[in-house]
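Student: fold the following.
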Amino acid sequence: MPLPFATEKQVAVVAVRRACALTSSVFNKLVKNETLTKGDKSPVTVGDYSAQAVVNTILGRAFPTDPIVGEEDADELRQEDGVALRNRIVALANEALTADLATDETSDWGLGPGQERTPEELMDAIDRGSDQGGRIGRRWTLDPIDGTKGFLRGGQYAVCLALIIDGEVVLGVIGCPNLPVKSGELNEPKGCIFVAVKGQGAEQTTLSGDHSVPLTIPYVGSGTLNLLESVEAAHADLAFNNRVSELLNITRDPTRMDSQAKYGCLARGDGGVYLRMPTGTGYKEKIWDHAPGSLLVQESGGVITDSRGEPLDFGLGRTLGENYGVIAAGKNIHAQVLAAVQQAQAETQGVDVKVGV
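Tutor: Here you go, the predicted structure:
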């Protein structure tokens with residue numbers, strides 16, 4: 001008898017792998033070679049739409065009744081002045097969909113030679129990402145290019161897909177085309193896919209699906225601890241993170257990278273703590289920015305909460321609602337990190353709180 005979510009896992013990995021190949025192609029064609037003309041849209045826009053069209057087409061064939069929570073809709077592409085952008089996206093999406101079948105793929109999912117889609121079919125596929133989320137039922141979340149600035153600079157970005165059932169993440173897949181396969185070895189081959197299934201653990205494979213490695217967050221002592229945080233100051237309060245490091249007596253420099261690739265690095269032991277605190281009041285995290293990463297942390301033996309110690313709530317809609325900040329770490333260190341975060345917060349409010357490390 002197959003394991004729960006075996007088919008969903010296979011389909012999700014295939015969809016993410018095809019989207020990774022597409023986004024890498026977009027980078028090489030439009031960014032690296034600087035072939036954009038003055039009237040062209042951003043390569044991120046092209047990549048976002050194209051990757052969402054591919055992933056949603058595959059999900060639509062495999063699970064036609066499942067809604068999808070995504071970032072993009074096709075309204076712009078349906079306008080008269082969107083013809084050039086639409087044509088580029090249609091060409092890229094069809095190139096990805098019609099590539100030769102791998103051994104774990106089937107034409108039933110709309111893949112392989114001869115499976116071209118019309119522009120209208122691809123626009124409809126993009127529009128399937130308009131679900132508003134909620135507490136009841138099955139739904140997928142998709143971020144086709146998480147870490148747009150990392151993508152543009154040739155750094156870290158990720159294709160992120162998750163399955164949520166009744167507000168609980170049960171499957172997460174994160175594709176990282178530019179992440180070295182082996183930790184800390186920049187000259188190693190690049191391209192990883194991280195996969196987690198609820199109750200079945202977490203693993204890392206190459207983009208081709210080879211060399212599956214089970215993931216367990218290692219024990220990290222305070223002397224070897226460091227933070228995984230965003231590159232962009234606009235995405236996280238880095239000064240606050242520095243204060244947390246001081247409270248935890250962390251001496252190692254933080255590891256900074258864009259996207260949910262940070263969750264993958266945490267799961268395989270590249271850093272001790274993922275810390276993301278908002279830069280202002282009123283900001284609400286999007287569920288697609290954390291759904292696959294949160295399950296990856298949990299299934300690799302870690303703990304993930306907000307800054308109040310509350311679990312992340314993926315059943316509220318398209319955002320995490322009142323969850324404030326995100327803290328992920330190994331089980332042995334999470335409580336200390338949470339205490340340090342709360343002390344740093346108290347200091348900003350003029351309250352004297354002590355934390356033991």
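
Student: so the residue lying closest to Ser230 once chain neighbours are set aside is in which element?
Tutor: Closest residue to Ser230 apart from its sequence neighbours, by C-beta to C-beta, 6 or more residues apart in numbering: Ala236 at 4.3 Å. Any C-beta I mention is one placed from the backbone N, CA and C, and that applies to glycine too. For Ala236, there is no helix or strand it lies in under DSSP states H and E.

Student: state the distance from Tyr226 to Gly317.
Tutor: Just so we're on the same page, residue 226 is Asn rather than Tyr. 34 Å (C-beta to C-beta, to the nearest Å).

Student: list of residues touching stretch 73-84?
Tutor: Identification of contacts with stretch 73-84 by C-beta atoms under 8 Å, 6 or more residues apart in numbering yields Gly39, Asp40, Tyr49, Leu85, Arg86, Ile89, Met123, Asp124, Ile126, Asp127, Gly129, Ser130.

Student: in a strand, Arg88, correct?
Tutor: No - Arg88: not assigned to a strand; according to DSSP: H, G, I helix; E, B strand; the rest coil it is helix.

Student: touching, it and Thr45? I think so.
Tutor: No - under the criterion of C-beta atoms under 8 Å, Arg88 is not in contact with Thr45, lying 9.8 Å apart.

Student: what sits closest to Lys348 if chain neighbours are left out?
Tutor: Rather than Lys, residue 348 is Thr. Phe240 (7.7 Å).

Student: distance of that neighbour relative to Pro144?
Tutor: In terms of C-beta to C-beta, Phe240 sits 30 Å off from Pro144.

Student: looking at those two, which is more packed in?
Tutor: Between Phe240 and Pro144, counted using other C-beta atoms under 10 Å, the more crowded position is Pro144 (30 against 20).

Student: check which element follows the helix or strand that contains the more buried one along the chain.
Tutor: Here Pro144, judged by DSSP H and E, is contained in strand 138-146. Reading on from strand 138-146 to the C-terminus, the next helix or strand found by DSSP H and E is helix 148-152.

Student: what's the separation between Ile333 and Ala102?
Tutor: Distance, Ile333 to Ala102, using C-beta to C-beta: 39 Å.

Student: more neighbours: which of the two?
Tutor: Counted by other C-beta under 10 Å, Ile333 and Ala102 do not tie: Ile333 has more neighbours, with 21 against 14.

Student: can you tell me the closest non-neighbouring residue to the more buried one?
Tutor: Per C-beta to C-beta, 6+ apart, closest to Ile333 is Val220, 5.8 Å.

Student: show me what contacts that neighbour?
Tutor: Gly269, Gly272, Ala329, Gly330, Asn332, Ile333.

Student: hmm, try it at 10 Å
Tutor: Shown in contact with Val220 (C-beta atoms under 10 Å, 6 or more residues apart in numbering): Asn226, Leu266, Gly269, Gly271, Gly272, Val273, Ala329, Gly330, Asn332, Ile333.
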